[in-house]
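Trainee: model this:
(one chain, ligands or ions: 1)
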Amino acid sequence: MYSTIVFSVEDHTAVITINRPDKLNALNHTVIEELSEALDTIAEDDNIRSVMITGAGEKAFVAGADISELVTLESWQGQDLARKGQQFVFDKIENSTKPIVAAVNGFALGGGCELALACHFIIASKNAKFGQPEVNLGLIPGYGGTQRLTQLVGRNKAMELLMTGDMIDAQEAMELGIVNKVVDADKLIEEINNVLRKLNSKSRTALAKIIECVNHFDHTQEGYDFEIAKFGECFGTKDMIEGTSAFLEKRKPKFD
Ligand code: COA
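Mentor: Here you go, the predicted structure:
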């Protein structure tokens, strides 16, 4: 039924595994569409009480949006990509009435970091790495990263992570409040299943209202829309063409 994700349900928990390990589970057009479909199924299926999102293989959760799909886009197409991704995947995750936990099992970069940030909380393996390296491509995050990261870690740390594009390890991500818990890689799924079993025994109504109230805290749509517009403005610029081409040609970018 799906070609880029694996979807399964066991003991009232749905597991979505992004399954492009040869491309470090990068989010291409099909992954976004299939995630959207899976999230709709989860919302409609009363048998499902909670969700885990993870990446296939041992190396990556998700290493970002698929750069090979970005390289030729024009500004309006960049905006369209960000708006659809936010609307059909990232907002659906954040506003899901069922708890969604990210099992971060390796690189969570760019759109991968944003995917984890949209989940209700994050449990990471010791080898996980987080970062928003879009700046190295002459780009900025477009799936809500400028907003959710700033909300979680505060303005100055967000500025640093977004401007340097540096990766941080799971321990530092936990100290910053991005990650809830760090565990050995071979214990990650077991640990999350324990948490989800606990959540599956709670009141669905209460969980849904907790999610709604916490999300209500101070998310303004304006910030996300602003990010979409600025993300779109990067497309077609010399810097973005140089940054994305350099990645695909496996060389260092040279920005003016
Ligand atoms: N989009 C498209 N392809 C990607 C990708 C992405 N975001 N991230 C990794 N890949 C692909 C690589 O091109 C490579 O494909 P190939 O084997 O066909 O050449 C494959 O996944 C393995 O990645 P590779 O770069 O060889 O692994 P590595 O261990 O040397 O480096 C990373 C790992 C994560 C540091 C590196 O892949 C990387 O920097 N990825 C991009 C991160 C990024 O900028 N994300 C934001 C995108 S907006």
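Trainee: ranges for the helices of the stretch 51-200 of the chain?
Mentor: 67-70, 75-85, 91-94, 111-118, 145-153, 155-164, 170-175, 188-200 (DSSP state H, counting those that start in this stretch).
Trainee: Spit out the contact partners of whatever residue of the stretch 151-256 of the chain ends up closest to the ligand.
Mentor: Going by C-beta to the nearest ligand atom, the ligand is nearest to Phe247 of the stretch 151-256 of the chain, at 6.2 Å. For every residue, glycine as well, the C-beta is placed using N, CA and C. With contact set as C-beta atoms under 8 Å, 6 or more residues apart in numbering, Phe247 has these partners: 67, 136-137, 253.
Trainee: about what we covered before: kindly compare burial across the helices of the stretch 51-200 of the chain and name the winner.
Mentor: Burial of those is given as mean neighbour count (mean count of other C-beta atoms under 10 Å); helix 111-118 ranks first at a mean of 28.
Trainee: out of the contacts of Phe247, who's nearest Gly145?
Mentor: If you rank the contacts of Phe247 by distance to Gly145 using C-beta to C-beta, Leu137 comes first, at 13.3 Å.
Trainee: Go through the helices of the stretch 51-200 of the chain and name the closest to Val6.
Mentor: Of all the helices of the stretch 51-200 of the chain, helix 188-200 comes closest under C-beta to C-beta, at 13.3 Å.
Trainee: List the neighbours of the closest one that are in contact with it.
Mentor: 11-13, 49-50, 52, 54, 99, 101, 103, 105, 123-125, 181, 183, 207.
Trainee: 6 Å - rerun?
Mentor: Helix 188-200 is contacted from outside by 12-13, 49-50, 52, 99, 101, 103, 105, 123, 125, 183, using C-beta atoms under 6 Å, 6 or more residues apart in numbering.
Trainee: What's the separation between the residue nearest the centre of the chain and the ligand?
Mentor: Geometric centre of the chain, nearest residue: Leu115, 1.1 Å, by C-alpha atoms, centre = their mean. Distance from Leu115 to the ligand, counting by C-beta to the nearest ligand atom, to the nearest Å: 11 Å.
Trainee: For that residue, give me its contacts.
Mentor: Val62.
Trainee: how close does it sit to Val183?
Mentor: Distance, Leu115 to Val183, using C-beta to C-beta, to the nearest Å: 19 Å.
Trainee: Quick one: name the residues of this protein near the ligand.
Mentor: Neighbours of the ligand within the chain, by C-beta under 6 Å from any ligand atom: 23-24, 26, 63-68, 107, 109-110, 133-134, 137, 139.
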